[in-house]
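Student: Attaching a predicted model along with its sequence, questions to come.
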Amino acid sequence: MSLTHKAIDALPRGFRRYLRHAYTVTTGKLHRNHHEMSERDDFFRKAMKMLAYNGISGDYAEFGCHGGMTMRMAHKYMRANGVSRHLWAFDSFSGFPPPEGEEDEHPLWIQGEMATSQANFVNECRRNGIGPDALTTVPGYYSDTLDKGKHKGPLPQDVALAYVDCDMFSSTMSVLRFLGPRLKQGMIVAFDDYFCISSTALAGERAAMIEYLAGQDRFAFSPYQPYGWHGMAFIVEDKVQLDRHRAGGAQKV
């Protein structure tokens, strides 16, 4: 595909962001950023293998599903490991919500951008072999869909891998509060935009994770693996077990 930097600048902001995240432009031509895509793919390969090998039960829950690429990867490696997990897609399907404060501020987090319609997302999933029995979409802003007092439909109760790709601090806090009672030893929580922060303050997914963990004392997030320049995954570990093993080690010394 031939496309210049000037041509990209003339596109809608959300599409510009997608192109620059997934592609590079050299000599006036658009080339897929294969390295970045392959690192995401490798993360899902390793994560689904780890969960299957360790017998971690539960579904796959994705928060922020623009384009359907990561849903396809999760499904591919779930099947490769012979494990049946239901796939949950949480998204407004209408782009970013309005910012709620400075921790939601970023030049590329613009209300309404990064929108994929629910119909287009479902069609893309089906094109990649993900049928309606394997997938549940939950449309709407997280402040509504993740609140059990507001949402009347089904929600996942047992989660093995939560993929958080909603960029903004407020959205990520809603996701973490939802995941709170579902956290368990051995599950994986991955943040696709962990290193996307404000130039003047901690913001976005990283700020949300730090704030959420400071307010609870049951689980720790132990680093599992980074991917690309932007993402970071963690393994959930029970603090009681961690403290017991640390105390045991100290006594042996």
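Tutor: Cool, got the structure.
Student: So what pairs up with the residue nearest the centre of the chain in the strands?
Tutor: With distances taken as CA atoms, centre = their mean, residue 164 lies nearest the centre of the chain, 2.3 Å away. Beta-bridge partners for residue 164, by DSSP bridges, are residue 63, residue 191.
Student: roughly how far apart are it and residue 231?
Tutor: Distance, residue 164 to residue 231, using CB to CB, to the nearest Å: 10 Å. Yep, even glycine has a C-beta here, placed from its N, CA and C like the rest.
Student: What are the boundaries of the strands in the protein?
Tutor: Secondary structure of the chain (DSSP state E): strands at 23-26, 29-32, 59-63, 87-91, 135-139, 159-164, 188-191, 219-227, 231-238.
Student: among the ones you listed, which is nearest residue 45?
Tutor: strand 219-227 (10.7 Å; CB to CB).
Student: Report the backbone C-alpha coordinates of the closest one in CSV.
Tutor: This file holds the C-alpha atoms of strand 219-227, laid out as CSV (Å, rounded to 0.1, in the frame of the first residue of the first chain):
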residue,chain,number,x,y,z
PHE,A,219,-3.2,-10.3,45.8
ALA,A,220,0.1,-9.2,44.2
PHE,A,221,0.8,-8.6,40.5
SER,A,222,4.1,-10.3,39.7
PRO,A,223,5.7,-9.3,36.4
TYR,A,224,5.3,-12.0,33.8
GLN,A,225,6.4,-10.6,30.4
PRO,A,226,6.6,-7.3,28.5
TYR,A,227,5.6,-7.2,24.8
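Student: Where does the prediction get shaky in the chain?
Tutor: Residues of the chain meeting the criterion pLDDT under 70: 1-35, 95, 97-115, 249-253.
Student: the domain parsing of it - what is it?
Tutor: Listed domain ranges for the chain are 1-32, 35-252 (source: automatic domain parsing).
Student: okay, those domains, which one's buried deepest?
Tutor: Mean neighbours per residue, mean count of other CB atoms under 10 Å, is largest over the domains of the chain for domain 35-252, with a mean of 17.
Student: I'd like the distance from it to the chain centre, please.
Tutor: When C-alpha coordinates are averaged (CA atoms, centre = their mean, to the nearest Å), domain 35-252 and its chain have centres 3 Å apart.
Student: quick one, longest helix in this structure?
Tutor: helix 34-53 (DSSP state H).
Student: Please report how far the closest residue to residue 84 other than its chain neighbours lies from residue 135.
Tutor: Leaving aside its chain neighbours, residue 84 sits nearest to residue 78 (7.7 Å; criterion: CB to CB, 6 or more residues apart in numbering). Separation of residue 78 from residue 135 (CB to CB) stands at 12 Å.
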